[in-house]
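In: pasting the sequence and the predicted coordinates here, then a few questions.
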Number of protein chains: 2
Amino acid sequence: MEAAPRGRRPRYCSRSCQARAYRARAAARTEPAGVSRPSPAIAPVPDEAPQPPAEGLSVQRIVAAAIAMADAEGLDGLSMRRVATRLGAGTMSLYRYVPGKDALIELMVDAVHGEERQAPPADAGWRVLLRYAARREWRLYSRHPWLLQTVATTRPPFGPNVLTELERTMQAMDGLGLAPVITHWVAIAVSAQVQGAALLLVSEVEEERRTGRTTLQWRADKMPAIREIIDTGQFPMLTRLLEEQDDVADIDAWFEFSLNRLLDGLAVFVESETRPPRTL
Amino acid sequence: MEAAPRGRRPRYCSRSCQARAYRARAAARTEPAGVSRPSPAIAPVPDEAPQPPAEGLSVQRIVAAAIAMADAEGLDGLSMRRVATRLGAGTMSLYRYVPGKDALIELMVDAVHGEERQAPPADAGWRVLLRYAARREWRLYSRHPWLLQTVATTRPPFGPNVLTELERTMQAMDGLGLAPVITHWVAIAVSAQVQGAALLLVSEVEEERRTGRTTLQWRADKMPAIREIIDTGQFPMLTRLLEEQDDVADIDAWFEFSLNRLLDGLAVFVESETRPPRTL
DNA sequence: GTGGCACGCATACGACGTACTCATCTTGTC
DNA sequence: GACAAGATGAGTACGTCGTATGCGTGCCAC
């Protein structure tokens, strides 16, 4: 089924028992948190228990190992073979628990989204709450640079933890009188700003790993080439920039700057939206 | 040199003639445009001439073929073997012109950045110009979804076309009295917003290619799972959203929305920055 | 006991990037 | 015109990857 043109990219296997085991375990991870628990607030998935010291394989152990490996070596340092050997298992043993690499990555994504457990500040305004969510996401990408690469590749996974996050962000704007669609637009606009900023962060981290050169070393390497182009005089703005200071310098400060600009703009919008024809 | 831990990812080869040929051709593409031409304004790279009908390989032909292939099949449908056969050449022949796949991708990135040739509207305000640049970038990612995946992986390449774009964006704010660093921050903040939004766009396109399911089909597939989670009652905001309308719906409209919010925020900032202590 | 089955793994296949090596073709020199 | 030297192209091979297939092993219901 699904044709797989030219024989490439077959991806998901269809061995019955494998898929069954995966679905069973995935459900075990998902449903108890999302469905049955009568928790007072939104309850993220328990994720991984204190890491059962057992030796047996499990979806949790596999996902945890894969996350550790991706954190350490990037998304293309992640291979089923190496995850397996890291767990002291045969490569194909993983496929009893996970249908394939893609599904494993999906599980990884939802798992890291459930990491930061502490609740947002209560009774804060929408602006504080949105900023809180944005910073939370920013930290997520700092810790797990590979996460952003998955975003660019796969449709946003609707794991319970991801949904929880979105819900929380939208709740930040509850009571403002915005239409649900607009609330959603705002939420993903903030998320987009964070992700866009994180692209810069991640590309530096990732490239540093790949080449072994730090950002400063890299800049020194490229300097002659850049200066050559600059010296043509066709880039006056960039020239001035280089003369004063040479780069983003503090990427966290820049992130805060851009986030604040977006929040300012949202404030203008909220203001004009919530009391339509008063001042005018 | 460079150690290559555990024997993985050797990447760039170092055969002298290969590197030489590459540098020579890359320079041929870069310098005549950036250095010698006495053009009135910023002049992007001539890129590829009317595609010489010749049969011989060339960097341009290789880059063009690779771009076409990535456009059609995504970044991981791109392989040196298939680019070569598409050009009617042996695989290793490409390595006479390009040191490796990474360098090829770098050339591809700069090439597509030089695509849209028409000048921005003259004498427009900073806001119009920034919006213009943002839309231009947005269209770029629509046409070449793979571009965003490279951004997440490699340090932003400083090809002449990319630099031209950045310079132009910064020139949009010339005369506002902002410090060069701030101008730069604003420019990359807008770019970050576009890229973050494009992540959503690209993930849909990419996933659609990978699975063969359109967005609507996919939503129909996932609906039972989503509704199951929604029906727990723990996601009131999302529930309301689904009841009214089920998704982003018009991603271009959303892009415009988020861009306008950011520009509004930048306007507030520019306003407060350019005439510091007058009204207050 | 003894099937059946859940589980783990060894082997194998076809893709990939690219290093090494040889063949062919072009060009400069006499 | 003959011929050496370099430029250019490609065939083969190595090590990596994801994963399909099929074979053992041990547990458990009957």
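Out: All right, it came through fine.
In: so which residues on the stretch 51-200 of chain A come close to DNA strand D?
Out: A:Leu78, A:Ser79, A:Met80, A:Arg81, A:Arg82, A:Thr91, A:Met92, A:Tyr95, A:Gly100, A:Lys101, A:Asp102 (Cβ under 7 Å from any atom of the strand). Where C-beta positions appear, they are placed from N, C-alpha and C, glycine not excepted.
In: for the fourth one, the count of nearby residues, please.
Out: In other words, A:Arg81. The number of residues packed near A:Arg81 is 11, by other Cβ atoms under 10 Å in any protein chain shown.
In: residues contacting the residue positioned nearest the centre of chain A?
Out: The centroid of chain A falls nearest to A:Leu147 when counting by Cα atoms, centre = their mean (4.3 Å). Contacts for A:Leu147 (Cβ atoms under 8 Å, 6 or more residues apart in numbering or on different chains) come out as A:Val109, A:Val112, A:Leu140, A:Tyr141.
In: return whichever strand or helix holds the first one as PDB; C-alpha atoms alone will do.
Out: Here A:Val109, judged by DSSP states H and E, is contained in helix A:101-113. Extracted C-alpha coordinates of helix A:101-113, given in PDB (Å, rounded to 0.1, in the frame of the first residue of the first chain):
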ATOM      1  CA  LYS A 101      12.600   5.800  13.300                       C
ATOM      2  CA  ASP A 102      10.000   8.300  12.300                       C
ATOM      3  CA  ALA A 103       7.600   7.100  15.100                       C
ATOM      4  CA  LEU A 104      10.500   7.100  17.500                       C
ATOM      5  CA  ILE A 105      11.200  10.700  16.800                       C
ATOM      6  CA  GLU A 106       7.500  11.500  17.200                       C
ATOM      7  CA  LEU A 107       7.600  10.000  20.700                       C
ATOM      8  CA  MET A 108      10.800  11.900  21.500                       C
ATOM      9  CA  VAL A 109       9.200  15.200  20.500                       C
ATOM     10  CA  ASP A 110       6.200  14.600  22.800                       C
ATOM     11  CA  ALA A 111       8.400  13.400  25.600                       C
ATOM     12  CA  VAL A 112      10.600  16.500  25.700                       C
ATOM     13  CA  HIS A 113       7.500  18.700  25.500                       C
END
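In: if we can go back for a sec, now, which of the contacts of A:Leu147 lie close to chain B?
Out: Among the contacts of A:Leu147, not one lies near chain B by Cβ under 8 Å from any Cβ of the partner chain.
In: hmm, back to that, avg pLDDT for the helix holding A:Val109?
Out: When pLDDT is averaged over helix A:101-113, the result is 92.
In: just give the nearest non-adjacent residue to the closest residue to DNA strand D within the stretch 101-250 of chain A, would you?
Out: Closest residue of the stretch 101-250 of chain A to DNA strand D, Cβ to the nearest atom of the strand: A:Lys101 (3.5 Å). Distances taken as Cβ to Cβ, 6 or more residues apart in numbering or on different chains place A:Met80 nearest to A:Lys101, at 5.9 Å, with adjacent residues excluded.
In: do the same with A:Arg61
Out: Spatial nearest neighbour of A:Arg61, excluding adjacent residues (Cβ to Cβ, 6+ apart): A:Leu87 at 6.3 Å.
In: wait, doesn't that neighbour sit right on A:Ala65?
Out: Yes - in this structure, A:Leu87 is within contact of A:Ala65 by Cβ atoms under 8 Å, at 5.4 Å.
In: now the helices for chain A?
Out: For chain A, applying DSSP state H gives helices covering A:16-31, A:59-73, A:80-86, A:101-113, A:126-143, A:146-153, A:160-171, A:180-211, A:215-230, A:236-244, A:251-274.
In: and of these, who's closest to B:Gly159?
Out: helix A:215-230 (9.4 Å; Cβ to Cβ).
In: convert the C-alpha atoms of that closest one to PDB, please.
Out: C-alpha atoms of helix A:215-230 as PDB (Å, rounded to 0.1, in the frame of the first residue of the first chain):
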ATOM      1  CA  THR A 215      31.100  30.800  16.600                       C
ATOM      2  CA  LEU A 216      34.000  33.000  17.300                       C
ATOM      3  CA  GLN A 217      36.500  30.800  15.500                       C
ATOM      4  CA  TRP A 218      34.100  30.500  12.600                       C
ATOM      5  CA  ARG A 219      33.700  34.200  12.400                       C
ATOM      6  CA  ALA A 220      37.500  34.600  12.400                       C
ATOM      7  CA  ASP A 221      37.700  32.000   9.600                       C
ATOM      8  CA  LYS A 222      35.200  33.700   7.500                       C
ATOM      9  CA  MET A 223      36.300  37.200   8.200                       C
ATOM     10  CA  PRO A 224      38.600  37.700   5.200                       C
ATOM     11  CA  ALA A 225      35.800  36.600   2.800                       C
ATOM     12  CA  ILE A 226      33.200  38.800   4.500                       C
ATOM     13  CA  ARG A 227      35.500  41.700   4.700                       C
ATOM     14  CA  GLU A 228      36.300  41.300   1.000                       C
ATOM     15  CA  ILE A 229      32.600  41.600   0.100                       C
ATOM     16  CA  ILE A 230      32.100  44.400   2.600                       C
END
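In: okay, the angle between that helix and helix A:180-211?
Out: Angle of helix A:215-230 versus helix A:180-211, following axes from the mean of the first three to the mean of the last three Cα atoms, to 10 degrees, is 100 degrees.
In: quick one: buried residues of helix A:215-230?
Out: A:Trp218, A:Ile226, A:Ile229, A:Ile230 (16 or more other Cβ atoms under 10 Å in any protein chain shown).
In: against A:Val112, how distant is the residue of the stretch 101-250 of chain A closest to DNA strand D?
Out: Noted for A:Lys101: a distance of 17 Å to A:Val112, by Cβ to Cβ, to the nearest Å.
In: then A:Ile251?
Out: A:Ile251 is 21 Å from A:Val112, where distance means Cβ to Cβ.
In: give me the more crowded residue out of those two.
Out: A:Val112 (23 against 16).
In: quick one: low-confidence residue ranges for the stretch 101-250 of chain A.
Out: For the stretch 101-250 of chain A, the stretches with pLDDT under 70 are A:155-157, A:245-248.
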